[in-house]
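Trainee: output the structure for:
(one chain, ligands or ions: 1)
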Amino acid sequence: MQSGIDKLMTVLKRTEKNYDFDKIKKAYYFAEKCHDGQFRFSGEPYITHPLAVAQIAAGLSLDTDSICAALLHDTVEDCDVTLDVIKSNFGDDIASLVDGLTKLVQIDVEDKEEAHIENLRKMLLAMAKDIRVIFIKLCDRLHNMRTLNVKNDEKRRSTALETMYVYAPLAHRLGIQRIKQELENLALLYLDPIGYHEVEKHIASKYSESQDFINKAKKEISEKLTENGIKFAVAGRVKSIYSIYRKMYNQNKTFDEIYDFYAMRIIVDTELECYTVLGIIHEMFNSMPGRFKDYISTPKPNLYRSLHTTVIGRDGIPFEVQIRTWEMHEVAQYGVAAHWKYKSGEGSGKDIDEKLAWIANLIENESETRDPDEFMGAFKIDIFQDETFVFSPKGDVFALPSGSNAIDFAYAVHTQVGNQMVGAKVNGNIVPIDKVLQTGDIVEVITSNASKGPSRDWLKIAATSTAKNKIRQWFKKEARPENINVGRDEVERELNKYNRPYTEEQKDEIVLAVAQRIGIQDIDDLYNTIGYGGITITKLSAKLRDEFDRTVKVEEQNVPMTAEDVKITKQKRSTNGGVVIDGVDGCQVKFAHCCSPVPGDQVIGFITKGFGISVHKADCPNIINAMKNPENRDRFVSAYWDNEELHSPSGAFEASIKIHAGNSLSLIADITFALADMRVQLLQINSNSKADDLVIVNLTVNCRNTEHLNSIIARLRQIKSVERVSRG
Ligand code: MN
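Mentor: Here you go, the predicted structure:
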């Protein structure tokens with residue numbers, strides 16, 4: 001008798017594909033060692049299971065890495081093997097397949113609605129990341145179904161349900177009819193054994209009758225096609241137990257009323273011959289109206305192509321005829337796996353069928369250049385890149401747009417859950433509510449009856465419009481006075497940007513005008529709408545500006561100038577005391593005492609009346625004040641530090657420093673000592689007590705530049721009783 005691995009090798013060699021047999025053997029012996037001492041429920045050594053899965057996978061023409069992953073698929077989950085060990089022994093590709101298979105969770109489909117089950121299917125696809133994972137999983141599931149009889153009733157039922165609702169439809173959508181049919185029949189056997197056996201019994205009772213009918217039809221068709229010079233193969237069969245069962249129950253018919261009980265399949269070489277054969281069949285038999293379907297010109301989403309027609313046989317018994325080419329037949333049997341080509345990319349469209357059809361089409365388009373020995377290789381399923389699938393703690397699956405977080409999840413569960421959310425757990429850990437959720441995450445919303453409702457920030461954090469709308473609804477209903485304040489603040493902030501003073505009356509006039517322009521009659525209503533996020537201030541800014549300009553007239557003289565308004569316009573320059581003054585030659589320059597600029601400070605020149613130019617810090621309050629007076633407009637000149645002066649200052653600049661300190665007998669001594677220690681010349685010092693425990697000391701020192709001054713300030717801050725030091 002052949003040992004397990006030899007049997008697999010035989011199956012693989014029969015495919016005539018170029019498998020890496022050494023690699024597959026290595027995976028087999030590795031898995032055998034891992035599962036050593038483990039047994040299946042049936043009492044067989046565990047390794048028989050991965051081996052059987054690998055054999056089914058070989059039947060789908062999966063590649064070497066998939067066969068290895070099939071052999072290794074339970075090692076990480078059931079043995080003491082880590083993914084790293086798989087990686088170092090078999091490489092990244094196989095490790096990622098095994099990882100994908102390990103992560104596909106058992107899901108509970110009992111009592112779930114169709115939409116929910118659809119999400120489960122999508123989630124499986126999304127979690128798989130590589131479509132080979134799904135193919136191997138289907139092989140795994142098929143073997144488990146074949147051996148399900150050893151499990152207890154409860155396990156049989158839940159596995160069969162999951163197979164019927166999740167895996168068989170996936171197999172169907174991937175076009176793998178053989179696996180789909182076997183999964184359905186096996187699932188039915190455990191879900192409705194009585195119904196299964198009833199159909200089975202009917203089929204058996206009609207066995208000789210059926211064979212007789214099929215053989216007669218085959219003979220008739222064969223003769224006619226040969227007469228017409230067509231090369232063909234014809235086969236007849238009784239339809240699958242599940243498809244007959246479904247027709248009986250869905251259409252409430254007895255076994256005898258099912259007319260697609262028999263199906264004949266004619267396979268020819270070319271597409272043109274398909275239509276020729278169809279014509280011949282319709283000549284031979286009466287066709288049933290409305291039963292003709294051309295899936296050649298309009299393929300099914302899973303790429304299935306064939307002509308279908310139902311005709312009435314000579315004994316008055318109807319039967320279905322499927323006509324297809326060999327190539328179409330291969331696709332029908334093995335689906336997407338039949339024509340596989342490495343390719344990664346992204347799908348478009350929303351529907352799962354559309355997405356899988358997209359994969360199928362891609363492969364179809366490659367068929368021209370296809371190498372017939374090509375395996376089904378890696379194929380990334382990032383077709384659900386725009387969706388994330390997460391679990392609730394109860395195991396319900398929610399489909400959210402990618403980038404969603406706990407807020408979106410909470411509102412997807414229920415508005416009330418969102419409104420009362422105070423925190424969230426992902427996979428058992430507390431997380432920030434803005435954490436982006438990943439497919440497969442288990443998300444738990446922490447709610448509290450004491451919650452005062454959603455936070456306004458959530459409007460910015462939530463990724464879905466559903467959540468945002470619900471948050472807005474809440475604010476709209478629950479927080480009008482607060483909304484009005486928020487809205488008014490936002491409007492004022494916007495108006496202040498326009499840099500012209502306005503009165504309260506003008507503001508009301510502007511806001512009312514804007515409100516009416518968008519169909520809101522009342523100022524507070526507009527504030528409220530802005531407050532709950534019903535309209536953004538950005539959307540209103542053009543209208544606000546418009547009404548503002550209409551209402552608050554521009555008065556040239558009233559526009560205060562800023563330091564930026566002082567432009568370098570003239571070419572002549574003057575250097576004096578380390579400062580370069582634009583456009584003024586050989587003029588007396590002095591440093592203003594009010595702000596005592598030192599090299600490094602932003603400065604500006606002010607032409608005094610008869611005392612030359614005084615240089616101020618650009619942020620000197622006196623300068624800012626002077627700029628407000630339109631008469632001074634032409635008296636400002638741009639000034640900056642001479643580069644050399646800034647980097648190797650020779651001169652000394654006066655700087656004033658203000659110190660706030662606690663009352664201390666040694667304060668003045670400490671200050672003068674610190675300055676002497678730094679070799680800083682003290683020009684002036686005076687102090688006055690503001691209160692018993694507060695002294696303000698003003699001093700003027702000589703320094704070289706801002707850097708020097710900052711180091712002096714830093715040193716003074718270290719004095720024990722000093723609380724605050726700033727430039728005076
Ligand atoms: Mn398994």
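
Trainee: make it CA atoms for all contacts and neighbour counts henceforth
Mentor: Noted.

Trainee: let me see the contact set for the nearest residue to residue 396 once chain neighbours are set aside.
Mentor: In space, and not counting its chain neighbours, residue 396 is closest to residue 116: 7.6 Å by C-alpha to C-alpha, 6 or more residues apart in numbering. Counting by C-alpha atoms under 8 Å, 6 or more residues apart in numbering, residue 116 makes contact with 396-398.

Trainee: most surrounded residue in those residues?
Mentor: Of all those, the most densely surrounded is residue 397 (24 neighbours; neighbours counted as other C-alpha atoms under 10 Å).

Trainee: look up phi and psi at that one.
Mentor: Dihedral pair for residue 397: phi -100, psi 140, per degrees, to the nearest 10.

Trainee: pLDDT below threshold where in this protein?
Mentor: Scanning the chain for pLDDT under 70 picks out 1-2, 105-111, 115, 126-128, 259-260, 334-385, 554-578, 582-587, 643-651, 691.

Trainee: tell me the domain ranges of it?
Mentor: 4-191, 200-338, 357-460, 479-551, 574-646, 653-727 (automatic domain parsing).

Trainee: my guess is residue 439 meets residue 389, correct?
Mentor: Yes - applying C-alpha atoms under 8 Å, one finds residue 439 in contact with residue 389, separated by 4.5 Å.

Trainee: quick one: which of the two has more around it?
Mentor: The neighbour count for residue 439 versus residue 389, taken as other C-alpha under 10 Å, is higher for residue 389 (24 against 21).

Trainee: on that earlier part again, closest one to residue 230 out of the contacts of residue 116, please.
Mentor: residue 397 (52.7 Å; C-alpha to C-alpha).

Trainee: what's the neighbour count on the closest residue to the closest one other than its chain neighbours?
Mentor: Using C-alpha to C-alpha, 6+ apart and skipping residues adjacent in sequence, the residue nearest residue 397 is residue 391, 4.6 Å away. Residue crowding around residue 391 was assessed by other C-alpha under 10 Å; the count is 21.

Trainee: quick one, what contacts residue 391?
Mentor: 397-398, 440-443.

Trainee: flag every buried residue along the helix or strand that residue 407 is a member of.
Mentor: Using DSSP states H and E, residue 407 maps to helix 406-413. Burial within helix 406-413, assessed by neighbour count using 16 or more other C-alpha atoms under 10 Å, is assigned to 406-412.

Trainee: please enumerate the helices of the stretch 1-150 of the chain.
Mentor: Taking DSSP state H, counting those that start in this stretch to define them, one finds helices in the stretch 1-150 of the chain at 4-14, 21-34, 48-59, 64-72, 75-78, 83-90, 92-103, 114-128, 131-146.

Trainee: deepest in the core, which of these is it.
Mentor: helix 64-72 (a mean of 29; mean count of other C-alpha atoms under 10 Å).

Trainee: return it as CSV; C-alpha atoms alone will do.
Mentor: Extracted in CSV, the C-alpha atoms of helix 64-72 (Å, rounded to 0.1, in the frame of the first residue of the first chain):
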residue,chain,number,x,y,z
THR,A,64,3.7,24.5,-4.9
ASP,A,65,3.5,27.0,-2.1
SER,A,66,-0.2,26.4,-1.7
ILE,A,67,0.3,22.7,-1.5
CYS,A,68,2.9,23.2,1.1
ALA,A,69,0.6,25.6,3.0
ALA,A,70,-2.1,23.0,2.8
LEU,A,71,0.2,20.5,4.4
LEU,A,72,1.2,23.0,7.1
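
Trainee: and the angle for that helix with helix 4-14?
Mentor: Helix 64-72 runs at 160 degrees relative to helix 4-14, counting by axes from the mean of the first three to the mean of the last three C-alpha atoms, to 10 degrees.
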